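Trainee: no sequence for this one, just the structure:
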């Protein structure tokens, strides 16, 4: 059974963009889950919690999530990056890619493997 950590860009000045990224993460995670894979979607988990972290700036929120993400990443065998606009600029996505590559684990772009998860 594949164990997949799902990475997606998240932070943005426009709340509409943030909400869109959350929804895209949820949709991709659902497709992966329907294929019987273990999936951990960091954005799906963190977005509702972030709404209760008023007063923390972007750096503080990132610092809060980094060790939590690391614990989940350690449990997963591969990384799938939702390659929507902003993914290449995302510090979080870059950190997650480096984590998996440094351990010799598979890293894939969603656009390249999406057909594997057709419903």
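Mentor: Thanks, I have the structure now. Since the structure is predicted, the reported quantities are computational estimates derived from the model, not experimental observations.

Trainee: which stretches of this protein form strands?
Mentor: According to DSSP state E, the chain carries its strands in the segments 3-7, 38-41, 78-81, 106-109.

Trainee: Can you add distance to residue 68, mean neighbour count and mean pLDDT and give those back as JSON lines?
Mentor: Every residue, glycine included, has its C-beta placed from N, CA and C. Formatted as JSON lines, the entries for these read as follows, by distance: least, C-beta to C-beta, whole Å; neighbours: other C-beta atoms under 10 Å; pLDDT from 0 to 100:
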{"stretch": "strand 3-7", "distance to residue 68": "12", "mean neighbour count": "23", "mean pLDDT": "98"}
{"stretch": "strand 38-41", "distance to residue 68": "11", "mean neighbour count": "19", "mean pLDDT": "98"}
{"stretch": "strand 78-81", "distance to residue 68": "16", "mean neighbour count": "22", "mean pLDDT": "98"}
{"stretch": "strand 106-109", "distance to residue 68": "20", "mean neighbour count": "15", "mean pLDDT": "98"}
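
Trainee: Figure out which of those is closest to residue 90.
Mentor: strand 3-7 (8.1 Å; C-beta to C-beta).

Trainee: List the buried residues of the lengthiest helix in the chain.
Mentor: Longest helix in the chain by number of residues (criterion: DSSP state H): helix 15-34. Neighbour-count burial for helix 15-34 flags 17, 18, 21, 22, 24, 25, 26, 28, 29, 31, 32 (criterion: 16 or more other C-beta atoms under 10 Å).

Trainee: Run through who's touching stretch 8-22.
Mentor: 24-25, 28, 41-44, 46-47, 58, 61, 81-82, 84-87, 89-90, 92-93 (C-beta atoms under 8 Å, 6 or more residues apart in numbering).
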